[in-house]
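**Student:** Dropping a prediction and its sequence here:
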Amino acid sequence: MTAPDLFKGIAVVIDNGIGKEDSIDRIIQNIRDSGGHAIGLTALPKADYDLDHFSRVSFFIMDWNLGNSDTGEPLEAGIRLPETLNKAMIADNIEFLKRLSRSRHAPVFIFSNETPETVVDELKEDPDLLKSVEESHILVMSKGDVVDKLYAVLEGWAQNTPSVLTLKKWERGYLRAANELFIDLHNRTPYWPVLLWQTFGADEVPPEYEMNRLLNRLVESRMGLLDLDLAGFLGTVDEQKAKNTEAYLASMNRVLEGERFLRDDRLKENIFAPGDIFIRTVDANTKTYWMNVRAECDCLRGNDDLQLYLLQVKPINDVAERIDHTFGIVKDERDNEAIVFAMMDGVTFSIKFKDLKAKSIKQLKNENFARAGRLLPPFITRVQQRYAAYIQRPGMPRIPSAFEDVPRSEEASAAE
């Protein structure tokens, strides 16, 4: 029997055949024999159940056909409920999976007595689940294919799915480091969070915001190197690019945005920071973009009268011709700008340093400015550093125009 590695811990099994059907009982026994803990549910959690209770679950197993709602008996292979009841059951299954995805990014294995292709087709009909199925976040298999080899199937699948492999490897290191951090500080004094909270309050910054930043920094400092090697997937990525270059580049733009830009719906309302991007709607056809560069400590202490320092941000249309593939940068970046590649919606933007506008939060609201998101470190750090250098630049004399048409000597040409 394969021992669990990436999938150690708790598994939630949703199947009304528990205790009645040999295949699911054997799967549960596989989990327990391997040292795991299986939580068995014979029905989906109710619609008002808080799925955050599943936040530390390693993986989920779910039967697609939860059986006859009147008798509670599991259906035999190939037998379905009447069409109306079957459609209602599928709708309930899909709604649960969508709710679950908002609480826990853990793989869901649908082990059904039905033909897997039938279940996959039903899942793909929902646009929100289509991507999860295509990218193997939801895996559909027959129960008979996993009995007595559950972890062999799970571990093999994870080793071939880079997003899952990375999540599991990172999660293990993160939880270990977080546990070490809290043990370490608790042993110094159980009141350590209060002492820091008091300090944050004295600085007149939101203490919950600063506490979160501090904990993330301390956990990261205790994490070791990630035990991960994705080199084996490089060939697959090249194949995907060759197969459909346009779709590949679009997905790359989405990844780069996720790395460097956080959309407004993920930000805390009324908490501002350097890197915040505002879009001003001038008219139906015109929008302008602005970036806040005021120091973070000033922004956190603010209210509606706080003034943000805004630099204009302009899209760059010819970025493909300006990429220096030797160094992986955009060429010809001037001293009076900072360029951020693929910052938002696949568009590269230039932050212009020449003019700075100071506007209060109240003014921004009254003048049709809406926050689109926030540029993240180290990208915003680079913008701030380049802007600081720009506003402190010394005036330098021009090179005399007499040198413009001077022919180069043969010695200089040879030296090149």
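**Tutor:** Perfect, I can see it now.
**Student:** Can you give the strand pairings for the longest strand along the chain, parallel or anti for each?
**Tutor:** Determined from DSSP state E, the single longest strand within the chain is strand 347-360. Next to strand 347-360 in the sheet, as set by DSSP bridges, lie strand 307-316 (antiparallel), strand 337-344 (antiparallel).
**Student:** Out of those, which is closest to Ile18?
**Tutor:** Distance to Ile18, taken as C-beta to C-beta, is lowest for strand 337-344 among these, at 47.7 Å. For every residue, glycine as well, the C-beta is placed using N, CA and C.
**Student:** what's next to the closest one, contact-wise?
**Tutor:** 252-253, 256-257, 260-261, 277, 316, 319, 330, 333, 348-353, 372-373, 375, 379, 382-383, 386-387 (C-beta atoms under 8 Å, 6 or more residues apart in numbering).
**Student:** that older thread, beyond the longest strand of the chain, next helix or strand please.
**Tutor:** helix 361-366 (DSSP states H and E).
**Student:** what's the helix or strand just after that next one packed up against?
**Tutor:** Going down the chain from helix 361-366, the next helix or strand is strand 369-375, by DSSP H and E. Contacts defined by 3 or more C-beta pairs under 8 Å, 6 or more residues apart in numbering; DSSP states H and E place strand 369-375 against strand 261-263, strand 276-283, strand 286-292, strand 337-344.
**Student:** most packed of these?
**Tutor:** A comparison of these by mean neighbour count, using mean count of other C-beta atoms under 10 Å, puts strand 337-344 on top with a mean of 22.
**Student:** Domain-wise, how is the protein divided?
**Tutor:** 10-160, 167-228, 247-391 (automatic domain parsing).
**Student:** Can you check the distance spanned by the shortest one, start to finish?
**Tutor:** Right, domain 167-228. 10 Å (C-alpha to C-alpha, to the nearest Å).
**Student:** Ile277 is in contact with Ile380, correct?
**Tutor:** No: using C-beta atoms under 8 Å, Ile380 makes no contact with Ile277, being 10.0 Å away.
**Student:** shared neighbours, these two?
**Tutor:** Common neighbours of Ile380 and Ile277 (C-beta under 8 Å, 6+ apart) are Arg374.
**Student:** And the helices in the stretch 51-200 of the chain?
**Tutor:** 83-101, 116-124, 127-134, 150-159, 162-188, 192-202 (DSSP state H, counting those that start in this stretch).
**Student:** how near is Pro397 to Tyr49?
**Tutor:** Distance of Pro397 to Tyr49, computed by C-beta to C-beta, to the nearest Å: 73 Å.
**Student:** ditto for Leu225
**Tutor:** 39 Å.
**Student:** before we move on, what about Asp264?
**Tutor:** In terms of C-beta to C-beta, Asp264 sits 30 Å off from Tyr49.
**Student:** before we move on, back to that, compile the helices of the stretch 51-200 of the chain into a markdown table and extend it with columns for mean pLDDT, mean neighbour count and distance to Phe233.
**Tutor:** Output for the helices of the stretch 51-200 of the chain, formatted as a markdown table (pLDDT from 0 to 100; neighbours: other C-beta atoms under 10 Å; distance: least, C-beta to C-beta, whole Å):
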| stretch | mean pLDDT | mean neighbour count | distance to Phe233 |
| --- | --- | --- | --- |
| helix 83-101 | 82 | 15 | 23 |
| helix 116-124 | 85 | 16 | 23 |
| helix 127-134 | 72 | 14 | 17 |
| helix 150-159 | 88 | 18 | 10 |
| helix 162-188 | 92 | 15 | 5 |
| helix 192-202 | 87 | 13 | 41 |
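**Student:** Glu208 is nearest to which of the ones you listed?
**Tutor:** Per C-beta to C-beta, nearest to Glu208 of these: helix 192-202, 8.5 Å.
**Student:** Quick check: next helix or strand after the closest one?
**Tutor:** helix 207-222.
**Student:** Which strands or helices does that following helix pack on?
**Tutor:** Applying 3+ C-beta pairs under 8 Å, 6+ apart, one finds that helix 207-222 contacts helix 162-188, helix 192-202.
**Student:** Quick check: which helices or strands does the last one pack against?
**Tutor:** Going back to what we said before, that points to helix 192-202. helix 207-222.
**Student:** ok and the helix it packs on relative to helix 192-202, angle-wise?
**Tutor:** Interaxial angle, helix 207-222 versus helix 192-202 (axes from the mean of the first three to the mean of the last three C-alpha atoms, to 10 degrees): 130 degrees.
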